[in-house]
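Colleague: here's a sequence, model it:
(2 chains)
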Amino acid sequence: MKKGITIVIFFALLFVAFKNIPRMEFYVPPNWPKPLYDFSKNPLSASKIELGRSLFHDPILSRDATISCSSCHLQYTAFSHVDHAISHGIEDRIGLRNSPVLVNMAWQTSFMWDGAVNHLDVQALAPISHPDEMDEKPERVIQKLKASAIYQKLFFKAYGDSLITGERMLKSLSQFMLTFISANSRYDSVMRNEARFNEKEQNGYTLFKKHCASCHQEPFFTNGQFKNNGLAVNMGLMDYGRMRVTGNFRDSLLFKVPSLRNVEFSYPYMHDGRLKTLYEVVDHYSGAVIKSKTLSVELYSKINLSTKEKVDLVAFLLALSDRHFLFNPNFSYPKHILMPTTQ
Amino acid sequence: MRPVFTFIVLYMITAPCVLRAQKYELTFLPVFGDVKLDSAEIPCPLENDTLKISTCKCYISGIALLYKGETVWIEKNSFHLIDFRKTSTSKIILDLEERIAFDQLCFNLGIDSVTNVSGALGGDLDPTIGMYWAWQSGYINFKLEGRSHRVPGGNFVFHLGGYAYPNKSLKRVTLPAKSITGTQILMDVEQFLKKVDLKLHRPVMSPGVEAKRLSLLAAEMFRIKQE
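Modeller: Model prediction:
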């Protein structure tokens, strides 16, 4: 009888210990709006974030275990693919678009350059299953995770039982990506009255607010909308952007307005990576915009910038670099989990 | 005494089929005409064809019971994936909690828009179990794959879905409720395939005008099995 009671108490305590996995508060930088992600359906916890971090960096998600999320979303380049106009996936297959930066994900409601993905939780399914990226079936990913001793432990730690499901995998990945908050650039210091822009940056900021901020709205430096920014259609790719999703001609050549945070490191630029430097980007907007029926109204009038003004504008854009974000050790490859013997 | 008896007899003859039950069992039976759907080849009367169905799955959601056109009961969290290869998925037990009267049942073929934009969900709605479009978010409401001699190349693929305007593909199906303990609902694939021209078949694997049109035909597959 005594033994039975002891066993019951033991399991009850175990249940309580794991079911009460400590929740974390999501950090919202001062003066930022409320996040758009619904945390009530996926409450943050350190163990789920850790699980998501392992999944993000682990090539187990790809068919031949060669490509991970971080292969094309490197932390040091603002979670984009450095120096690759278009990312290569499994077996060096080339995709269609430039790898977008992953930043401030909790304030976004649509994902990918064309907004084809409607929720952060299901975003990872796209690269996992795309034949030019990871080329793996999500069902097989779950099978592989179930067979992995590492993930059996991580899921148990995160969810209090050993059940490994697609929902849990995807929500854990979301949890990790939700922590990608970039709010510590020089620009942010200035906004918090902790620093001051130099003359070039200040002039660049003034020009930015006049010519760029309607689409690249502060503090995220994107308005989350889809715009035709006057690039010629890439005849090699024949990519018409959002029209692929909606089938509507009015969406022809519309692409998601990217965040400019850490833009210094996320080169090359545009949906197909055709522009290599920030100066090329500024030159595009100040004279190379191609007019078409779906061109963004903000670009109807030519933006005239002198050489000095272009330099100042770029100086401001460099002030959006956030080294705390780019070198945050919490985002890096989790050697202690995936390669424990190298510690 | 006689008038009361006469009234009862007349009521039983003229009244619609009114059911009072606490538990109600719906059984979805995928068939091709009179033939139960399985992995075997099915002789098809249309142009001496033979068919082989390899995949037949659909989402049944939003189950409700009606009485004289009014909704009297709605199933909570009503999302069910029916897969003809898994017979365990074909039965849905409705727990009505109390005895209620109803004469019709209705359900959606597919998943509603709100659920489609609610992120990663579990159970039958787990987006990794093969009924979710990865590259363009959204559930596949109805999946039918197979082989036919009439199809150029041999294989046909119908992945029907789409939750956004103007190509919403969710369809509501209303059927009479027949038996007091439950209803067997035939999901007659023949009804669908005879309305599409397989000779001109092109795979449908994304939301759009064609998926929307075919979803309407798919919703016409359902009928009550006559006892």
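Colleague: alpha carbons only for contacts and neighbour counts from here, please
Modeller: OK.
Colleague: in chain A, which residue is closest to the centre?
Modeller: A:Leu102 (1.6 Å; Cα atoms, centre = their mean).
Colleague: is it true that that one touches A:His81?
Modeller: No: with contact defined as Cα atoms under 8 Å, A:Leu102 and A:His81 do not form a contacting pair (10.7 Å).
Colleague: what touches both of those two?
Modeller: A:His73 (Cα atoms under 8 Å, 6 or more residues apart in numbering or on different chains).
Colleague: give me phi/psi at the closest residue to A:Leu61 other than its chain neighbours?
Modeller: For A:Leu61, ignoring the flanking residues on the chain, the nearest one in space by Cα to Cα, 6 or more residues apart in numbering or on different chains is A:Val141 at 5.8 Å. A:Val141 has phi and psi values of phi -60, psi -40 when expressed as degrees, to the nearest 10.
Colleague: so what's the residue count around A:Val141?
Modeller: Counted with other Cα atoms under 10 Å in any protein chain shown, residues neighbouring A:Val141 total 21.
Colleague: can you list the residues of the stretch 51-200 of chain A near chain B?
Modeller: A:116-123, A:125-127, A:129-130, A:138-139, A:165-167, A:170-171 (Cα under 8 Å from any Cα of the partner chain).
Colleague: any of these buried? List them.
Modeller: Neighbour counting by 16 or more other Cα atoms under 10 Å in any protein chain shown classes A:116-123, A:125-127, A:129-130, A:138, A:165-167, A:170-171 among those as buried.
Colleague: chain B: helices as residue ranges?
Modeller: Per DSSP state H, chain B carries helices over the ranges B:2-14, B:113-116, B:189-193, B:209-219.
Colleague: show me what the shortest one is in contact with.
Modeller: What that stands for is helix B:113-116. If you take Cα under 8 Å, 6+ apart as the criterion, helix B:113-116 is touched by B:137-139, B:163-164.
Colleague: at 7 Å instead, please
Modeller: The contact list for helix B:113-116, computed with Cα atoms under 7 Å, 6 or more residues apart in numbering or on different chains, reads B:138-139, B:163-164.
Colleague: measure B:Gly153 to B:Leu214 for me?
Modeller: Distance of B:Gly153 to B:Leu214, given as Cα to Cα, to the nearest Å: 21 Å.
Colleague: more crowded one of these two?
Modeller: Using other Cα under 10 Å as the criterion, B:Gly153 and B:Leu214 rank with B:Leu214 on top: 20 against 11.
Colleague: what sits closest to the more buried one if chain neighbours are left out?
Modeller: B:Leu214 sits nearest to B:Leu160 (Cα to Cα, 6+ apart), 7.3 Å away.
Colleague: tell me the contacts of the one you found?
Modeller: B:140-143, B:205, B:207, B:211, B:215.
Colleague: what bridges to it?
Modeller: Beta-bridge partners recorded for B:Leu160 (DSSP bridges): B:Phe142.
Colleague: and B:Asp197, what pLDDT?
Modeller: We have a pLDDT of 84 for B:Asp197.
Colleague: residues near it, how many?
Modeller: 11.
Colleague: next one: it from B:Leu214, what distance?
Modeller: Applying Cα to Cα to B:Asp197 and B:Leu214 gives a distance of 11 Å.
Colleague: related to what we said a few turns ago, between which two of the contacts of helix B:113-116 is the distance greatest?
Modeller: Distance extremes for the contacts of helix B:113-116: the farthest pair is B:Tyr139 and B:Ala164 at 11.3 Å, using Cα to Cα.
Colleague: what number of residues lie near B:Glu98?
Modeller: 10.
Colleague: same question, B:Asn167
Modeller: Counted with other Cα under 10 Å, the neighbours of B:Asn167 add up to 18.
Colleague: okay, strands next: where are they in the stretch 201-343 of chain A?
Modeller: Along the stretch 201-343 of chain A, counting by DSSP state E, counting those that start in this stretch, strands occupy A:226-227, A:255-256.
Colleague: and A:Pro30, which of those is closest to it?
Modeller: Among these, the nearest to A:Pro30 by Cα to Cα is strand A:255-256 (25.9 Å).
Colleague: direction included, what does the closest one pair up with?
Modeller: Strands that pair with strand A:255-256, judged by DSSP bridges, come out as strand A:226-227 (antiparallel).
Colleague: spit out the contact partners of B:Gly146.
Modeller: B:52-55, B:155-157.
Colleague: ok, 6 Å please
Modeller: Counting by Cα atoms under 6 Å, 6 or more residues apart in numbering or on different chains, B:Gly146 makes contact with B:52-54, B:155-156.
Colleague: same check on A:Met105?
Modeller: By Cα under 6 Å, 6+ apart, the neighbours of A:Met105 are A:Leu178.
Colleague: circling back: what is the burial count for the nearest residue to the residue nearest to the centre of chain A once chain neighbours are set aside?
Modeller: Of all residues not flanking A:Leu102 in the chain, A:Phe79 sits nearest, at 5.3 Å (Cα to Cα, 6+ apart). Counted with other Cα under 10 Å, residues neighbouring A:Phe79 total 24.
Colleague: was I right to think A:Phe79 contacts A:His73?
Modeller: Yes: with contacts counted by Cα atoms under 6 Å, A:Phe79 reaches A:His73, the gap being 3.9 Å.
Colleague: tell me the domain boundaries of chain A?
Modeller: For chain A, automatic domain parsing gives the domain ranges A:37-181, A:186-324.
Colleague: end to end on the first one, go ahead and measure it.
Modeller: Between the opening and closing residues of domain A:37-181 lies a distance of 13 Å (Cα to Cα).
Colleague: ok, the last one next?
Modeller: Its first and final residues considered, domain A:186-324 spans 11 Å by Cα to Cα.
Colleague: tell me the average confidence for it?
Modeller: Across domain A:186-324, the average pLDDT comes to 96.
Colleague: where along the stretch 51-200 of chain A do the helices fall?
Modeller: A:69-72, A:120-123, A:125-129, A:138-146, A:149-159, A:166-178, A:186-191, A:199-211 (DSSP state H, counting those that start in this stretch).
Colleague: and if you look at the stretch 201-343 of chain A?
Modeller: Counting by DSSP H, counting those that start in this stretch, the segments of the stretch 201-343 of chain A that form helices are A:243-246, A:278-283, A:307-318, A:323-326, A:335-338.
Colleague: for chain B, which spans come out with low pLDDT?
Modeller: B:1-21, B:39-41, B:43-47, B:178-179, B:227 (pLDDT under 70).
Colleague: up against chain A, what does it have?
Modeller: B:119-122, B:126, B:128-129, B:134-137 (Cα under 6 Å from any Cα of the partner chain).
Colleague: change it to 7 Å
Modeller: Proximity of chain B to chain A is confined to B:117, B:119-122, B:126-129, B:134-137 under the rule Cα under 7 Å from any Cα of the partner chain.
Colleague: most neighbours of all those residues, which one?
Modeller: Busiest of the residues of chain B next to chain A [other Cα under 10 Å] is B:Pro127, holding 28 neighbours.
Colleague: B:Cys106 bridge partners, please.
Modeller: Under the criterion used (DSSP bridges), B:Cys106 bridges to B:Ala64, B:Thr174.
Colleague: list the contacts for it?
Modeller: By Cα under 7 Å, 6+ apart, the contact set of B:Cys106 is B:63-65, B:172-175.
Colleague: select from those the one having the most neighbours.
Modeller: Ranking these using other Cα under 10 Å puts B:Leu65 first, with 25 neighbours.
Colleague: separation between A:Tyr285 and A:Lys302?
Modeller: 8 Å.
Colleague: between those two, which is the more surrounded one?
Modeller: Neighbour count, other Cα under 10 Å: between A:Tyr285 and A:Lys302, A:Tyr285 has more, with 20 against 12.
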